[in-house]
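Participant: Just a sequence and a predicted model for now, questions to come.
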Amino acid sequence: MYHQISQKAVFFIENVTQKMPWQLGANAYEIWIFEIIMQQTRLEQGFPYYKRFLERFKDIETLAKSDIDSVYEVWKGLGYYSRARNIHETAKIVLNNHNGIFPDTYDEIIKLKGIGSYSAAAISSFAFQKDIAVLDGNVYRLLSRLTASSIDMFSNAGKKYYENLAQQFMLPHQGALINQAFMHIGSNICKPKNPDCLNCPFNNDCKAFQTESIENFPVPKKRNPLKPRFFFCVFFIYQNKIALYKRTQKDIWEGMYQGAVIENEQFDLNEFKRQFNEFNFDSITFENDWQIQKLSHIKAHFKFALVELNQKPKKMNSFHKISDIEKMAFPKIISNYLNQQMNRIIY
């Protein structure tokens, strides 16, 4: 059964006109960047970022010798900025520890920062032609429906089960083609909702389709409630400059910019003045409603305020030109607010 499906997969992908970077002779660096950008990102959204990234950072050495803010500038709007930090760190590791040459074995690749089992398998398969199964969310869904498996793919046992299952579809020297086919079919045909089963090359082999139970697979993930966190963010403006701070702590949005922020469920003016005593202001009026951004484990609540200062602050080192905002990376919720308020900020 497995080899028959694999042969169908090879035939299918060889007749697909849409080409991915690895089908166009991309090297390990380019495939690595593509795979990281495409995590949690749709192809139509991520591909322009991929092209711009390679235009700005043509190789590992260029990336490694660039500063993180320039990486954030290209990444801006893509989200999940920890990916950008990990890419930058890994580039420096490859340059310094591997003479700028990307490792060519799975065991070495997976040691690199920000590269998990999926990305390591993808790079090994597509860049170095290793017969290692590549499992992204689309492939997990496809395999679950093919086998009508109720095993939880989000559990450790489930992950191991699907890794072993996917490996059984590998054929000698054809692993890359099979991986490409499974990823393409999972993404474009075996979609989460309204899958195009009639045009799937595996429909005669798919247990879920044959038993008319497609909607039952994969088994839904059990989600834990998001932890609520509350932030009050104030933007101080003085003579067409805005006070911005980089988040340096090992926490959400590390390395990104924000206004003067205090984290608490209730706003404490005295504590805020103690932390930001360089500003001269009489009062702060926040917008009434909480604005919310959901992260993987966090539900962040923000209230914002703009304060135009009449007196020069004691320190000016935190102030930036308003025009610099376009080049700086902000959490999405803060970026949205600044965009909404731009007419008030520029005057």
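Facilitator: All right, it came through fine.

Participant: So for whichever strand or helix holds residue 273, what gets flagged as buried?
Facilitator: Using DSSP states H and E, residue 273 sits within helix 269-275. Of all the residues in helix 269-275, those buried under the rule 16 or more other Cβ atoms under 10 Å are residue 272. C-betas here are computed from N, CA, C, even on glycine.

Participant: Could you give the average pLDDT over that helix?
Facilitator: For helix 269-275, mean pLDDT is 94.

Participant: Next: stretch 234-247.
Facilitator: The model assigns stretch 234-247 a mean pLDDT of 96.

Participant: so how far is that stretch from its chain's centroid?
Facilitator: 28 Å (Cα atoms, centre = their mean, to the nearest Å).

Participant: Contacts for that stretch next, please.
Facilitator: Defining contact as Cβ atoms under 8 Å, 6 or more residues apart in numbering, one finds that stretch 234-247 is touched by 253-261, 272, 276, 279, 281, 284, 304-309, 312-313, 316, 318-322, 325, 328, 338, 341, 345-347.

Participant: Now with 7 Å, please.
Facilitator: The contact list for stretch 234-247, computed with Cβ atoms under 7 Å, 6 or more residues apart in numbering, reads 253-260, 279, 284, 305-309, 312-313, 318-322, 328, 345.

Participant: Using CSV, write out every CA atom in the least confident helix or strand in the chain by mean pLDDT.
Facilitator: Within the chain, no helix or strand scores below helix 332-345, which has a mean of 90 by mean pLDDT, DSSP states H and E. Provided in CSV are the C-alpha atoms of helix 332-345 (Å, rounded to 0.1, in the frame of the first residue of the first chain):
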residue,chain,number,x,y,z
LYS,A,332,1.3,43.7,16.1
ILE,A,333,-1.0,45.2,18.6
ILE,A,334,1.3,48.2,19.1
SER,A,335,1.9,48.6,15.4
ASN,A,336,-1.8,48.6,14.7
TYR,A,337,-2.4,51.3,17.3
LEU,A,338,0.5,53.5,15.9
ASN,A,339,-0.9,53.2,12.4
GLN,A,340,-4.4,54.2,13.6
GLN,A,341,-2.9,57.2,15.4
MET,A,342,-0.4,58.4,12.8
ASN,A,343,-2.4,61.5,11.9
ARG,A,344,-2.3,62.6,15.6
ILE,A,345,1.4,61.7,15.9
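
Participant: From what I see, residue 315 and residue 277 are in contact.
Facilitator: No. The pair formed by residue 315 and residue 277 falls short of the contact definition of Cβ atoms under 7 Å, at 9.4 Å.

Participant: any idea how far the closest residue to residue 130 other than its chain neighbours is from residue 279?
Facilitator: Leaving aside its sequence neighbours, residue 130 sits nearest to residue 124 (Cβ to Cβ, 6 or more residues apart in numbering; 4.1 Å). Distance, residue 124 to residue 279, using Cβ to Cβ, to the nearest Å: 53 Å.

Participant: can you check residue 73 too?
Facilitator: The value you get for residue 73 to residue 279, if Cβ to Cβ is used, is 27 Å.

Participant: With neighbour numbers in mind, choose between the two.
Facilitator: Taking other Cβ atoms under 10 Å, residue 73 and residue 279 do not tie; residue 279 has more neighbours (19 against 16).

Participant: Distance check, the more buried one against residue 271.
Facilitator: Applying Cβ to Cβ to residue 279 and residue 271 gives a distance of 14 Å.

Participant: Specify which residues of the protein, grouped into ranges, have pLDDT under the cut-off.
Facilitator: 346-347 (pLDDT under 70).

Participant: Where do the helices of it begin and end?
Facilitator: 2-14, 28-38, 43-56, 60-64, 68-75, 82-97, 106-109, 117-128, 137-147, 156-167, 175-188, 207-210, 269-275, 332-345 (DSSP state H).

Participant: of all those helices, which lies closest to residue 21?
Facilitator: helix 28-38 (5.0 Å; Cβ to Cβ).

Participant: sorry, back to before: okay, the helices of the chain in CSV with distance to residue 228 next?
Facilitator: Shown next, in CSV, are the helices of the chain (distance: least, Cβ to Cβ, whole Å):
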stretch, distance to residue 228
helix 2-14, 45
helix 28-38, 29
helix 43-56, 28
helix 60-64, 36
helix 68-75, 27
helix 82-97, 21
helix 106-109, 37
helix 117-128, 30
helix 137-147, 27
helix 156-167, 28
helix 175-188, 33
helix 207-210, 37
helix 269-275, 20
helix 332-345, 14
